[in-house]
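Q: here are the coordinates; sequence isn't available:
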């Protein structure tokens, strides 16, 4: 009890210091929990729990996510399960959709609410790995007394967000432990493991969404899978968040049509002289570069506007 009281007093003191919230993501989360969600660190509250019907609906909405994450959850649990860790896969609201845990540890994890059907958002239980990773949209490690609620200071969590095929936040994957001897070095290793798993799940979701497209790996120096989905005419159909950030892509630019060879600064043969056998692909690329201006595209190709119109009609591009 004294430890819980000391923790609550510490949270109040730090959260009321604006400078601390600016310099520390954990302090910012504590402040958010009090001011935005109206929580108190001394509350003895468990995570919200969905009804059976609500849980079923949540799983149905996330069917693709659950399917594409299953093998990664199994792989990760095989690596960390014997160390007394529990895995959770949640949706973007923090609802625990899937769980992996050793039978011998079930009582401890069920007692703190790390179970399927519970909600681990910040609004539900304050600062925690899942809720804070979703709120900040970044990978986090929340160790013991960094949790907001005093009742959760026995937990240590490493969590990474997962994004869908449009780069938007879709889910989170979390590794948690109740062991009091978990070191910062161990948590660092667990954090890297969940980030790697999140990246693979994100890539799986992207490939699933663009099953008929060619998937191109973009060489980037930033976290997360950097992938492009490209159609048979070399136009980009989709891009992961890392690829969007690196290449300056957004939904509008992708919808407008942009050649992958332009983005990757690759030379495509035949774009300016005689039309090759792949006329349709060449015309689409040049029209995209001309922003749909037929006269400009004709000039780029070195043919008349009338000739280009005839070719566009023959290739069903008009």
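A: Yep, it's here. For clarity, every value in this text was computed on a predicted model and none was experimentally measured. Numbering: from 1, shown residues only.
Q: mind giving me the domain split of this protein?
A: 43-207, 214-314 (automatic domain parsing).
Q: In terms of mean pLDDT, which of these ranks lowest?
A: Mean pLDDT is lowest for domain 214-314 among those, at a mean of 83.
Q: Between its first and last residues, how far does it reach?
A: One end of domain 214-314 sits 26 Å from the other (C-alpha to C-alpha, to the nearest Å).
Q: Please name the nearest non-neighbouring residue to residue 170.
A: residue 164 (4.0 Å; C-beta to C-beta, 6 or more residues apart in numbering). Every residue, glycine included, has its C-beta placed from N, CA and C.
Q: burial of that neighbour, as a residue count?
A: 18 (other C-beta atoms under 10 Å).
Q: which of the domains of the chain is buried the deepest?
A: domain 43-207 (a mean of 20; mean count of other C-beta atoms under 10 Å).
Q: So which residues of this structure form strands?
A: 48-49, 85-91, 96-100, 118-119, 140-143, 156-163, 169-177, 214-217, 227-230, 236-239 (DSSP state E).
Q: Can I get the domains of the chain in a markdown table including distance to residue 35?
A: As requested, the domains of the chain are exported to a markdown table (distance: least, C-beta to C-beta, whole Å):
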| stretch | distance to residue 35 |
| --- | --- |
| domain 43-207 | 12 |
| domain 214-314 | 29 |
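Q: re the thing from before, of all the strands of the chain, which one comes closest to residue 32?
A: strand 140-143 (13.5 Å; C-beta to C-beta).
Q: how close does residue 152 sit to residue 77?
A: Distance from residue 152 to residue 77, counting by C-beta to C-beta, to the nearest Å: 22 Å.
Q: got a list of what the residue lying closest to residue 148 once chain neighbours are set aside touches?
A: With sequence-adjacent residues excluded and distances taken as C-beta to C-beta, 6+ apart, residue 148 is closest to residue 126, at 2.8 Å. Listed by C-beta atoms under 8 Å, 6 or more residues apart in numbering, the contact partners of residue 126 are 29-30, 33, 37, 39, 41, 147-149, 152.
Q: Distance-wise, check residue 126 relative to residue 31.
A: 11 Å.
Q: repeat for residue 40
A: On the measure of C-beta to C-beta, residue 40 and residue 31 end up 13 Å apart.
Q: Between those two, tell me which one has more neighbours.
A: Remark: of residue 40 and residue 31, residue 31 carries more neighbours, 22 against 15, as counted by other C-beta under 10 Å.
Q: Just the pLDDT for that one.
A: 95.
Q: unless I'm mixing things up, it is touching residue 21, no?
A: Yes. The criterion here is C-beta atoms under 8 Å, and residue 31 meets it with residue 21 at 4.5 Å.
Q: between the two, what contacts are shared?
A: residue 15.
Q: Relative to residue 71, how far out is the residue nearest to residue 263 when sequence neighbours are not counted?
A: Nearest residue to residue 263, sequence neighbours excluded (C-beta to C-beta, 6+ apart): residue 247, at 5.1 Å. To residue 71, residue 247 is 29 Å away according to C-beta to C-beta.
Q: And residue 253, by the same measure?
A: 33 Å.
Q: for residue 210, same thing?
A: Counting by C-beta to C-beta, the gap from residue 210 to residue 71 is 19 Å.
Q: Over to residue 146?
A: With C-beta to C-beta as the criterion, residue 146 and residue 71 are 31 Å apart.
Q: cool, and residue 60?
A: Distance from residue 60 to residue 71, by C-beta to C-beta: 20 Å.
Q: most residues in a single helix of the protein, which one?
A: Ranked by residue count, the top helix of the chain under DSSP state H comes out as helix 184-209.
Q: And that one, what does it pack against?
A: helix 63-80, strand 140-143, strand 156-163, strand 169-177, strand 227-230 (3 or more C-beta pairs under 8 Å, 6 or more residues apart in numbering; DSSP states H and E).
Q: mind putting the ones you listed in TSV, distance to residue 133 included?
A: Listed next are the helices and strands packed on helix 184-209 as TSV, based on distance: least, C-beta to C-beta, whole Å:
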stretch	distance to residue 133
helix 63-80	15
strand 140-143	5
strand 156-163	4
strand 169-177	5
strand 227-230	22
